Structure formats: structure tokens, C-alpha cells
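Asker: Return atomic coordinates for the entry below.
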Amino acid sequence: MSKRRTFSREYKLEAVKKVVEQGLSFAQVARDLQIRDTLIHSWKKTFQNDGTLQNEVTQSTSVEAELKRLRIENRQLKIERDILKKKRRPSLQKKTAEVSIRLPTSEAMAHLGSMSSPKHHNRRLLQMEVRKAVRSSTNTDGHRQRN
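Answerer: Just a heads-up that it's a prediction; the model follows:
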């Protein structure tokens, strides 16, 4: 004679949950577990009568809802972190203030020829170049560009 198999309460509950929560058919679950589908029907009826099935389904639903909420929160935090990372990085497009100094033309030299000292001559050249650089860095609306 074959010995009758016994199943734990947890085993029975998991089999019934596969039918209720995952939407599998009784026959499918029975085949997977190598038992008769009538057993799963009777287990389900027993769990419905004592309220266990309702409690378990409610618990698993609340766990799923919490998991969904945490995933959304995690995604939002990752987005915020990435934004903060981008703000901390120095911009690759920052420009440094550079003034190019060119040798004066012959007209400028004639104009500067009346100046008395070479020191004054150099200072005047530098002022002219700075003014040119400032003029070239202004926008069409008259405002200076920020570097």
C-alpha cells in the first residue's frame, strides 16, 4: 500500500496563492506540484472559510503596493542625485578672460609718438586693447557677456 502524503499549511497556502494571485488554473498548479486539482479546490475552500485566504491576499497586496511606492521613490531620488551631480561638475564651456595684444599699426605709433615716456606708451597701448576687447565682448543689446 502507498503511504498517504501530508502537506504543511504553508505548502497548501502557497498552492492556493498561485491560483488566486498569479491567475494560474487549478490544473496547471496541480500538474506543477504533482497533485490532484481537487486538493487545491478543497484547500482554497478551507482557507476561504477560516479567513486565512483574505488575510494573506491583503498582506501580499499591501507588500506589493509598498514595493511599488519604494520603486517610484527610488527612481525620483536617482533623478535628483543625477541633477545634483551635473550641477557640481565644472562647466566645460567656461571661458577665461583673455586679451590679445597686437603690435600697434603705424597710425597708432604716429598717434603715440607725441607721448613723452615709454612707460606711458605701454599703458596707453594696453588701455586701447582692453577697450577693443570689451567692445567685442558686448552683445547686440549693449550688455557685456559673462564669462
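
Asker: What residues sit buried inside the helix ranked longest in the chain?
Answerer: Ranked by residue count, the top helix of the chain under DSSP state H comes out as helix 52-88. Neighbour-count burial for helix 52-88, with 16 or more other CB atoms under 10 Å as criterion, is recorded at Leu53, Glu56. C-betas here are computed from N, CA, C, even on glycine.

Asker: helices and strands around that helix, which ones?
Answerer: helix 9-20, helix 37-50 (3 or more CB pairs under 8 Å, 6 or more residues apart in numbering; DSSP states H and E).

Asker: mind redoing it with 6 Å?
Answerer: With contacts defined as 3 or more CB pairs under 6 Å, 6 or more residues apart in numbering; DSSP states H and E, helix 52-88 has no helix or strand neighbours.

Asker: tell me the angle it makes with helix 37-50.
Answerer: Counting by axes from the mean of the first three to the mean of the last three CA atoms, to 10 degrees, helix 52-88 lies at 90 degrees to helix 37-50.

Asker: Just the angle for helix 52-88 relative to helix 9-20, thanks.
Answerer: 70 degrees.

Asker: as a whole number, average confidence for helix 52-88?
Answerer: Across helix 52-88, pLDDT averages out at 83.

Asker: Point out where this structure drops to low pLDDT.
Answerer: For the chain, applying pLDDT under 70 flags the ranges 1, 88-121, 137-147.

Asker: One more pass at 90, please.
Answerer: Scanning the chain for pLDDT under 90 picks out 1-5, 17, 19-24, 47-48, 51-69, 79-147.

Asker: tell me the domain ranges of the chain?
Answerer: The chain breaks down by automatic domain parsing into domains covering 9-88, 98-147.
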